[in-house]
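# the following comprises the amino acid sequence and a computationally predicted model.
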Amino acid sequence: MNFAGGLFSAGFEWISWIITMLVCLFALRKAPWVTIYNDSSLQNRFLGCLVVIAFVWQMNVNLNIGVIIHFMGMTTLTLFFGWPLAILAGVIAQLVDTLWNGQAWSVVGCNLLFNVVIPVLASWWVHIRIEHFKPTNPFVFILGSGFFGCVFSTSLTTLAALGSLKLFGVVELKLSVADYLGYLPIFVFPEAVVNGMFISATTILHPYAVVAFNEARYFKQSEREMILDEYIEPALDLEQTEAPEEDEQDDSRYRPPKDWYDKDKDS
């Protein structure tokens, strides 16, 4: 979501800028620059996702109260590339959106806080909590980190934005907080469903593209013996049964008994 200038106090705008810049500097330090430099496939995926997310953010809905909502996709970027690169991608997408739509620079720190910093860190926190239990079922990753991680991050972001407007906003809200909370599922579940679909499809088809997905643990072979691994009698094992040579074939089993020939001679 993007906020227009003049909704927050100047003090909160400065605090948002400071928090956002500190997080960005930490992300720059933690980003895997050596891996990015040596992996051209990662470079292509990152640039492709960056272009897509910057384009998708242009498809938005203006609520006519100084707030514009749009699909964020930060949970997908977080699981695809890890939190440092997701932060950097979100910052670039926000700058493109600000330049394209001519938004006020004073409120960019607030928009980065609610569009990038809180969703990414919340999604990564949920993922770390789930990975602590070392699950082996890939659906735990898809539904846990992908779907419910997005539900948690989007809900937290919306509540943080609403609380900030209530505490630090210079414009009085027309509705009560309880009334605004009634609209929360409208923002949360579409975001979670779309993110879950992207994570599910990519994890199954191209698991190497999802950095947060532990392919070795989730897709490891089962230690249980299959029925085909059990002992099979040689007579029943078709792979070990060799067909006899043509000149050595014994077709006596298909001939009539010898007594039949003797009966024909007597007659």
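Here it is on my side, so go on.

# got a pLDDT number for residue 67?
At residue 67, the predicted lDDT confidence score is 78.

# can you tell me how far it is from residue 4?
Between residue 67 and residue 4 the distance is 7 Å, computed by CB to CB, to the nearest Å. Placement of C-beta: from N, CA and C, glycine included.

# ok, now residue 125?
Residue 125 sits at a distance of 30 Å from residue 4 (criterion: CB to CB).

# kindly report the same for residue 135.
Taking CB to CB, one finds residue 135 at 43 Å from residue 4.

# what ranges does the protein have for its strands?
2-3, 60-62, 67-70 (DSSP state E).

# so for residue 104, which of the ones you listed sits nearest?
Comparison of those against residue 104 by CB to CB identifies strand 2-3 as nearest, at 9.2 Å.

# and that closest one, what does it pack onto?
Of the remaining helices and strands, those touching strand 2-3 by 3 or more CB pairs under 8 Å, 6 or more residues apart in numbering; DSSP states H and E are strand 67-70, helix 108-112.

# okay, which residue is most central for the protein?
residue 199 (3.1 Å; CA atoms, centre = their mean).

# that residue against residue 78, yeah?
No. Using CB atoms under 8 Å, residue 199 is not in contact with residue 78, being 10.1 Å away.

# which stretches of this structure aren't confidently modelled?
Counting by pLDDT under 70, the chain has low-confidence residues at 64, 173-177, 221-267.

# who's in contact with residue 199?
75, 76, 79, 141, 142, 145, 146, 147, 210 (CB atoms under 8 Å, 6 or more residues apart in numbering).

# and the second one, how far from residue 23?
Between residue 76 and residue 23 the distance is 19 Å, computed by CB to CB.

# in terms of neighbours, single out the busier of these two.
residue 76 (24 against 21; other CB atoms under 10 Å).

# hmm, residue 198 and the more buried one touching each other?
Yes. Residue 76 lies in contact with residue 198 (CB under 8 Å); the separation is 4.8 Å.

# deepest-packed of the strands of the chain, please.
strand 2-3 (a mean of 24; mean count of other CB atoms under 10 Å).

# double-check residue 66 against residue 3; I have them as touching.
Yes. The pair residue 66 / residue 3 is scored as a contact, 6.3 Å apart, by CB under 8 Å.

# number of residues surrounding residue 58?
Residues near residue 58, counting by other CB under 10 Å, number 11.

# right, and it touches residue 93 too?
No. Using CB under 8 Å, residue 58 makes no contact with residue 93, being 10.1 Å away.

# quick one: residue 55 from residue 48, how far?
Going from residue 55 to residue 48 by CB to CB gives 11 Å.

# now the residue nearest to residue 130 when sequence neighbours are not counted: how far from residue 83?
Spatial nearest neighbour of residue 130, chain neighbours left out: residue 144 (4.6 Å); criterion: CB to CB, 6 or more residues apart in numbering. For residue 144, the distance to residue 83 equals 17 Å [CB to CB].
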